[in-house]
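1. Have a look at this prediction, sequence included:
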Amino acid sequence: MTAEPSLEVDLSPGDRYGEFDILETLGKGAFARVFRARSPDYPEEVALKLSRAPITSEAMAIRALREIRILQNLRNPYVVHILGNGMGEDERWYMVMELLRGSTLLDAHDFDRPMDPKRATRLIYEALVGLDEAHEMGIVHRDIKPENMWIGRGAGRCKVIDFGLARAWDPGSTIGTDATVGHMLIGTPHYAQPEQVHSGELVPASDVYSLGVVFYELLTSRMPLFADEPLNRVRERLFTKPLAWLGAHVKKELVPVERYPEGRGLPETLRNTIHWMLQKDPAQRPARGRVAAEQLAWVLHAHYGVQVTAMLRTARPDGTNPSLLLVPGLHEIGTAATCAIDVPAGGPPRSHARLMWQGPGEDAVLSPIEPVGTVWVNGHLLEAPVRLVPGTYFDIAGTRMVLDYPPPE
Ligand SMILES: Nc1ncnc2c1ncn2[C@@H]1O[C@H](COP(=O)(O)OP(=O)(O)OP(=O)(O)O)[C@@H](O)[C@H]1O
């Protein structure tokens with residue numbers, strides 16, 4: 001979408017936009033400008049994303065509202081958070097976000113050199129968890145690439161940004177699909193998915209594929225489809241050739257990561273997970289962010305000595321004590337097919353409780369599922385949602401559970 005030059009937003013440090021003092025230009029995209037700004041309504045500086053042109057059509061309004069709605073529903077620590085939104089007097093749409101310090105992965109990492117595998121695994125784990133909350137709601141980001149992965153200053157946590165292209169893949173979702181995209185290429189050719197050609201339908205596993213490409217590139221500084229050619233050379237060669245990129249995603253075979261010395265040194269589970277994420281057929285990949293994140297959480301825990309997940313310790317009536325690594329997100333507990341946390345119990349399959357954990361630094365919340373009467377927390381019947389502060393134990397159908405949180409970040 002190109003804006004009329006005369007309508008182009010033209011704000012510089014020192015200018016005001018409504019209640020916002022503009023302090024710095026942070027980014028310029030096709031649809032919007034992003035500024036560092038200050039407003040009396042917010043205690044700290046914010047990132048102000050402002051549409052380049054006034055909203056004059058229904059299509060523009062839908063696009064702007066879609067990104068706002070999606071971000072309003074995402075609460076996990078691995079996505080950018082929205083603080084507010086509105087329409088300026090000049091009919092430009094704006095969105096107020098938390099101000100991120102640091103830089104995009106594209107700027108933070110020199111893709112000519114492989115990244116330390118522990119660090120790369122952690123970043124990709126975080127992006128997968130960040131995306132999974134959207135996947136849970138039926139939303140696909142559709143434009144995963146290093147430019148849309150923010151690496152924070154300090155601890156260097158990863159946050160997914162720019163949900164401007166995100167869409168619902170479930171037609172029943174309230175976010176709505178986009179009929180106007182037709183057969184155009186969606187997202188960025190370098191990180192596009194084979195299904196763009198085959199079905200034209202992007203699903204949560206499509207984000208997993210794009211993230212698999214980023215992961216492989218971080219670990220080897222090679223593109224997974226072009227054997228032995230340095231990544232930056234491929235990028236230059238195909239700079240203006242979107243169809244060549246797409247053709248490669250569809251036709252070129254995945255180069256096993258073991259081909260390179262950096263790949264041969266990786267734990268087997270890690271190599272298998274990368275190859276799984278990069279399957280051509282979306283049905284053969286991890287179905288959503290969480291599925292791949294669980295594999296990477298295990299690798300971080302078992303091979304790199306890093307605990308990023310909570311640990312659910314259980315004591316079952318049969319005397320077994322399995323432990324489970326629990327990634328942030330919503331988990332059902334019971335015997336139904338939807339239950340990620342399985343407790344052995346008689347009777348028809350059912351879900352007893354929902355456990356919601358937003359991630360490190362947060363307490364999980366346990367909520368009963370009707371009919372109540374089967375879940376006990378610290379010896380009391382659970383009838384309403386309760387926070388699981390450290391040390392809380394709970395019993396479901398005779399299985400006792402305790403959730404240990406990872407160290408705060
Ligand atoms: N919350 C934020 N804090 C700091 N910088 C940000 C933030 N959000 C975005 N930016 C900066 O602004 C740039 C553009 O942001 P973003 O990708 O959301 O918009 P865009 O590319 O204009 O998107 P669109 O495709 O919707 O036009 C980012 O690459 C980043 O450098």
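-> That came through, no problem. Residues are numbered from 1 along each chain as shown.

2. Can you give me the pLDDT of residue 169?
-> At residue 169, the model reports a pLDDT of 66.

3. Kindly report the same for residue 29.
-> Looking at residue 29 specifically, the model assigns a pLDDT of 80.

4. Pretty sure it sits against residue 164.
-> Yes - because the distance of 7.4 Å satisfies CB atoms under 8 Å, residue 29 is recorded as touching residue 164. C-beta here means a position set from N, CA and C on the backbone, and glycine is covered the same way.

5. Comparing these two, which shows the higher neighbour count?
-> residue 164 (20 against 12; other CB atoms under 10 Å).

6. Which helix or strand contains the more buried one?
-> Per DSSP states H and E, residue 164 falls between elements, in no helix or strand.

7. same check, this time on residue 205
-> Using DSSP H and E, residue 205 maps to helix 204-220.

8. Quick one: list the elements packing against that helix.
-> Here helix 204-220 touches helix 117-136, strand 139-140, helix 261-264, helix 268-277, helix 289-302, going by 3 or more CB pairs under 8 Å, 6 or more residues apart in numbering; DSSP states H and E.

9. chain center to whichever helix or strand comes after that helix, what's the gap?
-> Downstream of helix 204-220, the next assigned helix or strand under DSSP H and E is helix 231-237. What separates the centre of helix 231-237 from the centre of its chain is 26 Å, taken as CA atoms, centre = their mean, to the nearest Å.

10. Flag the shaky bits of the protein, pLDDT-wise.
-> 1-8, 169-183 (pLDDT under 70).

11. What are the phi and psi values at whichever residue of it sits closest to the ligand?
-> Using CB to the nearest ligand atom, the closest approach of the chain to the ligand is made by residue 29 at 1.7 Å. Taking degrees, to the nearest 10, you get phi -110, psi -170 for the backbone angles of residue 29.

12. and if you look at residue 49?
-> The main-chain torsion angles of residue 49 are listed as degrees, to the nearest 10 and equal phi -100, psi 120.

13. List the contacts of the residue of the chain closest to the ligand.
-> Taking CB atoms under 8 Å, 6 or more residues apart in numbering, we find residue 29 in contact with 162, 164.

14. Then residue 287?
-> 204-205, 208.

15. swap in residue 75?
-> The neighbourhood of residue 75, defined by CB under 8 Å, 6+ apart, consists of 81, 133, 358.

16. just the buried members of the residues you listed?
-> With neighbours counted using 16 or more other CB atoms under 10 Å, the contacts of residue 75 contain these buried positions: 133, 358.

17. Now do the helix or strand containing residue 36: everything it contacts.
-> Element membership of residue 36 [criterion: DSSP H and E] is strand 32-38. Where contact means CB under 8 Å, 6+ apart, the residues beyond strand 32-38 that reach it are 9, 11, 17, 20-28, 45-52, 99, 164.

18. Of all residues in the chain, which one is nearest the centre?
-> For the chain, the residue nearest the mean C-alpha position is residue 131 (2.1 Å; CA atoms, centre = their mean).

19. Apart from its neighbours in sequence, what residue is nearest that one?
-> In space, and not counting its chain neighbours, residue 131 is closest to residue 289: 4.1 Å by CB to CB, 6 or more residues apart in numbering.

20. again, but for residue 306
-> The spatially closest residue to residue 306, leaving aside those adjacent along the chain, is residue 300, at 4.4 Å (CB to CB, 6+ apart).

21. Contact distance from the ligand - what residues of this structure qualify?
-> Applying CB under 6 Å from any ligand atom, we find that the chain lies next to the ligand at 26-27, 29-32, 34, 47, 49, 80, 97-100, 104, 147, 161-162, 164.

22. Just list whatever residues bridge to residue 96.
-> Listed beta-bridge partners, residue 96: residue 48, residue 84 (assigned using DSSP bridges).

23. Can you give me every residue that contacts it?
-> The contact partners of residue 96, by CB under 8 Å, 6+ apart, come to 39, 42, 46-49, 82-85.

24. cutoff 7 Å now
-> With contact set as CB atoms under 7 Å, 6 or more residues apart in numbering, residue 96 has these partners: 42, 46, 48, 83-85.

25. What's the separation between the nearest residue to residue 123 once chain neighbours are set aside and residue 298?
-> Distances taken as CB to CB, 6+ apart place residue 158 nearest to residue 123, at 4.5 Å, with adjacent residues excluded. Spatial separation of residue 158 from residue 298 under the definition CB to CB, to the nearest Å is 19 Å.

26. what about these two, which has more around it?
-> Neighbours were counted for residue 158 and for residue 298 using other CB under 10 Å; residue 158 has more, 23 against 16.

27. ok, what's across the strand from that one?
-> Under the criterion used (DSSP bridges), residue 158 bridges to residue 151.

28. what does the one 10 residues further on give?
-> Partner residues in beta bridges with residue 168, using DSSP bridges, are residue 139.

29. Make sure it is actually in contact with residue 138.
-> Yes - between residue 168 and residue 138 there is a contact at 5.2 Å, judged by CB atoms under 7 Å.

30. that older thread, and the helix holding residue 205, how far from the chain's centre?
-> 12 Å.

31. got the angle for it vs helix 289-302?
-> Here helix 204-220 runs at 30 degrees with respect to helix 289-302, directions being taken by axes from the mean of the first three to the mean of the last three CA atoms, to 10 degrees.

32. So what touches helix 204-220?
-> Under the contact criterion CB under 7 Å, 6+ apart, helix 204-220 has outside partners 109, 111, 114-115, 117, 120, 124, 127-128, 131, 135, 140-142, 144-146, 169, 191, 193, 195, 223-224, 231, 257, 260, 262-263, 266, 274, 277-278, 282, 285-289, 292.
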